[in-house]
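Asker: what's the 3D shape of this:
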Amino acid sequence: MAKCIHTMIRVLDEERSVSFYERAFGLKVADRFDFDSFTLVYLRNAEADFEVELTINKGRTEPYELGDGYGHLAVAVDDLEAEHARFREAGFQPRDIVAFEREGVLLARFFFVADPDGYKIEVLQKHGRYR
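Answerer: All right, here's what the predicted structure looks like:
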């Protein structure tokens, strides 16, 4: 059986991205590997082994084009309202909280936020299948 272990995104500024993911989601640097033309930074927290891999291509100055194929990362939290307020106070500019229902049954409550490079992240209230 396969196990998901990480997702990789390309970012322009290592310090800015590491700071965002630590402040927003409590992800800390688990490993960092520096190569001649790029650096890999693996971020995780105690909640799960799944990691976000940041790839920083040296010499890159232009923002990455995210295209129309990228969707979002998703994280689940215990208290959606508290996290939304914390994100606002931190200046992360989260979108409004949304309740997503199907046939009158709540499937999810969530908001979206973007990281410094524009990658969308869905923050979901732990509920149902989102644990």
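Asker: Break the chain down into its structural domains.
Answerer: Split into domains by automatic domain parsing, the chain comes to 1-60, 71-131.
Asker: now the shortest one, how far from the centre of its chain.
Answerer: Okay, so that is domain 1-60. For domain 1-60, the distance from its own C-alpha centre to the chain's C-alpha centre is 10 Å (Cα atoms, centre = their mean, to the nearest Å).
Asker: in which helix or strand would I find residue 106?
Answerer: Assigning secondary structure by DSSP states H and E places residue 106 in strand 105-114.
Asker: can you tell me the average pLDDT over that strand?
Answerer: With pLDDT averaged residue by residue, strand 105-114 scores 96.
Asker: Show me which residues of it are buried.
Answerer: Buried residues in strand 105-114, counting neighbours by 16 or more other Cβ atoms under 10 Å, are found at 108, 109, 110, 111, 113, 114. All C-beta spots, glycine's among them, are computed from the backbone N, C-alpha and C.
Asker: who touches the nearest residue to residue 125 once chain neighbours are set aside in this structure?
Answerer: Beyond its immediate neighbours in the sequence, the residue positioned closest to residue 125 (Cβ to Cβ, 6 or more residues apart in numbering) is residue 80, lying 3.9 Å away. Residues touching residue 80, when contacts are defined by Cβ atoms under 8 Å, 6 or more residues apart in numbering, comprise 97, 109, 110, 111, 123, 124, 125.
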